[in-house]
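K.L.:
all I have is the shape, not the residue letters:
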């Protein structure tokens, strides 16, 4: 049953972190999407997506919570296992949920769990300079890390809502300094969420590691969106940076391929998806 997952082509070799670094070096845009189950993961992978994130956004789009805070390690391991079975080519990143990386030692134990039990190739954690020690601890123990700065959804109660970050000069300078510090600590990718396009451009230019944006303008090294947003099925208000790629498409597969193509040719994000 559902043998399509086992019969998919294995002609393309899996994309590695080295491959993502080469894409930054050559200027090829990196197309990234979230996924939460095996069938959608296979479709996202077949569309040519370079990086798949098992995001704690599942707390909102799958579980129906208002924030990502209620998501547990057990949730992340379960969904990572599902997605791992559907992904062949794309590089697989898994979110560390709220409270799972507050200190370096438990962060390491939880990252090991996500990699051994969930099949993650990299873990993602939120926060700036405060996370430098944890990133150093993980990187020194061969855990690939994606550092997430800008709007950090796990901090939504502290931030006071889903707001654009880094608009004033002080905040922008601090975010650039945080990005540098995280890279020096060993972060292999930096993800920027909801920042002005000019700041996204500055951070991408300043770092040697790939910088992936979600609402961070067109000049970063790659773009990521929540799968349900690009299919137009997320309930409620849509983020400004989201675009419904299923509208006018013949199928889910063609919508996913259209997203990848738009990232690669630079037509997404357009001006209406960006912040100033």
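P.N.:
Structure's in. What do you need? Predicted model, so just to flag it, every value in this text is computed and none were measured.
K.L.:
every contact and neighbour count from this point should use C-alpha atoms.
P.N.:
Will do.
K.L.:
can you give me the strands in the stretch 51-200 of the chain?
P.N.:
51-54, 91-95, 122-126, 145-150, 189-193 (DSSP state E, counting those that start in this stretch).
K.L.:
tell me which of these sits nearest to residue 104.
P.N.:
strand 122-126 (11.8 Å; CA to CA).
K.L.:
what mean pLDDT does that closest one get?
P.N.:
Mean pLDDT, strand 122-126: 98.
K.L.:
pretty sure residue 20 belongs to a helix, no?
P.N.:
Yes: Residue 20 sits within a helix when classified using DSSP: H, G, I helix; E, B strand; the rest coil.
K.L.:
tell me, how many residues neighbour it?
P.N.:
Residue 20: 22 surrounding residues under other CA atoms under 10 Å.
K.L.:
if we can go back for a sec, make TSV from the strands of the stretch 51-200 of the chain and add distance to residue 238 and mean neighbour count to it.
P.N.:
What follows is the strands of the stretch 51-200 of the chain, written out as TSV (distance: least, CA to CA, whole Å; neighbours: other CA atoms under 10 Å):
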stretch	distance to residue 238	mean neighbour count
strand 51-54	19	27
strand 91-95	22	26
strand 122-126	22	24
strand 145-150	19	26
strand 189-193	15	26
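K.L.:
kindly reformat the ones you listed as CSV and extend each row with distance to residue 14.
P.N.:
Shown next, in CSV, are those (distance: least, CA to CA, whole Å):
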stretch, distance to residue 14
strand 51-54, 10
strand 91-95, 7
strand 122-126, 14
strand 145-150, 18
strand 189-193, 18
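K.L.:
residue 271: neighbouring residues, count only.
P.N.:
The tally of other residues near residue 271 (other CA under 10 Å) stands at 13.
K.L.:
against residue 219, how distant is it?
P.N.:
For residue 271, the distance to residue 219 equals 12 Å [CA to CA, to the nearest Å].
K.L.:
low-confidence ranges in this protein?
P.N.:
Residue ranges of the chain with pLDDT under 70: 1-11, 157-162.
K.L.:
quick check, central residue of it?
P.N.:
residue 53 (5.1 Å; CA atoms, centre = their mean).
K.L.:
so who does it touch?
P.N.:
32, 33, 34, 35, 92, 93, 94, 95 (CA atoms under 8 Å, 6 or more residues apart in numbering).
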